[in-house]
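Visitor: Please find the sequence and the predicted model below.
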Amino acid sequence: DMAATPACSYPAATAAALDCNFIFGLDGERRLCSATIPNGVAEGKLPTIAGLMQHGCYGQLDSSADEYAGGVWPDFYTGQSVSQHGIYHNKLWHQEHMRCEVPTGHWLPARPFHENLSEQGYRVCVLDMPMVLGEPRPLNGIYLGGWGTHDLIAKGSSPPELWQQLQTTYGPPVMPTEHF
């Protein structure tokens, strides 16, 4: 159910031969990708993003944002729609308990693609991907969740000592907790 309109500046065969792939997601309204970023690139105000666009592939993701704002990131990291992964908000009705709860991987097994890549031997680095369910799991690489985002479903790190190292070096995260 998800679709993207990619634009590439090099042949797919070259991309497949690369040892490193970088996936960068921006969370925000559609205007961010349709106007703000292209205008900033054209005006020379976003040179790093301009370089990524010039030397890589990019596109705007079609997602469930209009219907289920909380489903966008799970759509992205599972490659499935809300109707398949079941995550549409950071609080969901859990019928077995007859109440709203923060979703977990125990009752909604939405598996992020980076875990599959890690198991296949790829080194991965995941920074603040929102709405990933459950505690951070060991990876062939680094995972940091809930450091600079308002989403605290997956607050923590792998390796676990990374979180403490960041707090020692930079202090605690500055993003305030959302209150409902």
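Guide: Nice, thanks for sending it over.
Visitor: going forward, measure contacts and count neighbours with C-alpha atoms only.
Guide: OK.
Visitor: Give the burial count for residue 82, as a bare number.
Guide: Close neighbours of residue 82, defined as other Cα atoms under 10 Å, add up to 20.
Visitor: residues contacting it?
Guide: Each residue near residue 82 by Cα atoms under 8 Å, 6 or more residues apart in numbering is listed here: 64, 68, 71, 74, 75, 88.
Visitor: ok, the third one touching residue 91?
Guide: Just to be clear, that refers to residue 71. No - in this structure, residue 71 is not within contact of residue 91 by Cα atoms under 8 Å, at 11.6 Å.
Visitor: For the two, indicate the residue with more neighbours.
Guide: Each of residue 71 and residue 91 has its neighbours counted (other Cα under 10 Å); residue 71 has more, 24 against 14.
Visitor: Spatially, and excluding backbone neighbours, which residue is closest to the residue nearest the centre of the chain.
Guide: Among the residues of the chain, the one closest to the centroid is residue 129, at 3.1 Å (Cα atoms, centre = their mean). If the residues on either side of it in the chain are set aside, residue 129 comes closest to residue 145, at 6.4 Å by Cα to Cα, 6 or more residues apart in numbering.
Visitor: list the contacts for the most far-flung residue of the chain relative to its centre?
Guide: Relative to the centre of the chain, the most outlying C-alpha is that of residue 98, 29.4 Å out, by Cα atoms, centre = their mean. Neighbour list for residue 98: empty [criterion: Cα under 8 Å, 6+ apart].
Visitor: what separates it from residue 153, distance-wise?
Guide: 20 Å (Cα to Cα, to the nearest Å).
Visitor: can you check residue 142 too?
Guide: Residue 142 is 17 Å from residue 153, where distance means Cα to Cα.
Visitor: in the chain, what spans have low per-residue confidence?
Guide: 1-19, 29-31, 180 (pLDDT under 70).
Visitor: What segments of it are helices?
Guide: Counting by DSSP state H, the chain has helices at residues 12-17, 30-31, 37-42, 47-54, 72-78, 82-85, 113-119, 161-170.
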